[in-house]
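Asker: need coordinates for the below:
(one chain, ligands or ions: 2)
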Amino acid sequence: MIKLAIVLPCYNEEEVLRESARRLAGLLGQMEADGRISPDSFMLFVNDGSRDATWDIIAALHAADKRVRGLNLARNVGHQAAIMAGMMTAKDWADAVITIDADLQDDLKAIPKMVDEFARGYDIVYGVKVQRTADPLLKRLSAVAFYKLQARMGVESVYNHADFRLMSRRALQMLSGYKETNLYLRGLIPLIGLDSTTVPDVISERCAGHSKYTLAKMLSLALDGITSFSVKPIYCILWLGLAFILVSLGIAVYVVHAIMAGTAVPGWSSLILSVWFVGGVVLLSVGVVGAYIGKIYKEVKRRPLYNIKEVLGGE
Ligand code: UDP
Ligand code: MG
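Answerer: Ligands and ions are numbered 1, 2, ... in the order given. Now for the predicted structure:
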């Protein structure tokens, strides 16, 4: 029988935790009765340095129901690293680990389907958003643009999959070999290469509270999603530079021609325009190169991704 762990990253989620635990406990009970999972399956709530009562609530839930376990991180490390902490801890206790956001916007009905696919022999099962009308329009549009850009840049990832997925212990063991500081799990996990499949995930509204993903966090994740897996942006700059040299050669030919014909006019506007334009392109290019250097700087330090302060219900 499959021993299942459900990992939930939590950052200031005091409003949703009790409801999430209640719904998941119901689901675990039901899957246990179906004979899908063993009775010692559990939830693991990862407190990602919350500043509200999140950890106290997790401790209270653990006291009331031993299927609730808790991991208290020493400080806020962000969604991706918090998921990693949960998965790496849970993999030593369970046969398969499902990660899902604490606000339960993802489809709980997909969980038994993921377990069935795992029983069928798949090591990784991705939840794929089939309908996300509950997400704000801006979020949906930016997601589409981002997936397209990512594909253009040659990054392999599962379309419309966020971090709702099942992974086997074996897959997690392999994942632990990828020692990246700039973590983007959706790009990393397809690189593992084991058999994978998808199940549909219908997105609903948050059961309470508000989004903890600020615009800055979203942009930084998007940047990691490209720069951690592709060096194409650097080559784009190279080609852009070449194109600019060609354009300036053309302008030079024109200028020589104008001087010889005696029609050269002192052109303030074209000068000022090109100064700003070229300046912009140079700054942008330096910025892109800088982004990669910044990543190298972070990677070489090999700092731990997270520190675990406390474990509730360990084995
Ligand atoms: N989260 C986290 N650390 C952070 C930010 C978010 O662990 O620094 C968790 C959050 O508690 C939630 C999940 O990541 O369980 C997704 O966040 P949220 O629902 O706010 O994002 P959205 O669904 O709006 O993209
Ligand atoms: Mg959410």
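Asker: use CA for all of it now, contacts and neighbours both
Answerer: Fine.
Asker: ligand 1 versus V256, what's the distance?
Answerer: Using CA to the nearest ligand atom, to the nearest Å, V256 is found at 56 Å from ligand 1.
Asker: close to ligand 1: what parts of the chain are there?
Answerer: On the criterion CA under 6 Å from any ligand atom, ligand 1 has as its neighbours in the chain the residues 9-11, 13, 48, 78-79, 82, 101-103, 211-213.
Asker: quick check: I259 is in a helix.
Answerer: Yes. Judged by DSSP: H, G, I helix; E, B strand; the rest coil, I259 forms part of a helix.
Asker: how close does it sit to ligand 1?
Answerer: 59 Å.
Asker: what is the burial count for that residue?
Answerer: 11 (other CA atoms under 10 Å).
Asker: OK, contacts around E310?
Answerer: Counting by CA atoms under 8 Å, 6 or more residues apart in numbering, E310 touches G70, L71, N72, L73.
Asker: the same query, at a cut-off of 6 Å, please.
Answerer: E310 makes contacts with L71, N72, as judged by CA atoms under 6 Å, 6 or more residues apart in numbering.
Asker: circling back: filter the residues of the chain next to ligand 1 to the buried ones?
Answerer: Among the residues of the chain next to ligand 1, those classed as buried by 16 or more other CA atoms under 10 Å are P9, C10, Y11, E13, D48, G78, H79, A82, D101, A102, D103.
Asker: distance to P200, pLDDT and secondary structure added to these, as CSV?
Answerer: Below are these laid out as CSV (distance: CA to CA, whole Å; pLDDT from 0 to 100; DSSP: H, G, I helix; E, B strand; the rest coil):
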residue, distance to P200, pLDDT, secondary structure
P9, 21, 98, strand
C10, 24, 98, strand
Y11, 26, 97, coil
E13, 25, 96, coil
D48, 28, 98, coil
G78, 26, 95, coil
H79, 22, 96, helix
A82, 24, 98, helix
D101, 16, 96, coil
A102, 19, 96, coil
D103, 18, 93, coil
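Asker: quick one: distance of the helix or strand encompassing R18 to the chain centre.
Answerer: R18 belongs to helix 17-33 when assigned by DSSP states H and E. Put simply, helix 17-33 sits 25 Å off its chain's centre (CA atoms, centre = their mean, to the nearest Å).
Asker: that one: which residues count as buried?
Answerer: L17, R18, E19, S20, A21, L24, A25, L27, L28, G29, M31, E32.
Asker: could you work out the most separated pair of these?
Answerer: For those, the farthest-apart pair by CA to CA is L17 and E32; their separation is 21.9 Å.
Asker: okay, and for the protein, where does confidence drop off?
Answerer: Within the chain, the ranges that satisfy pLDDT under 70 run 268-269.
Asker: and for stretch 185-195, what are the contacting residues?
Answerer: So stretch 185-195 is contacted by Y122, D123, S157 (CA under 6 Å, 6+ apart).
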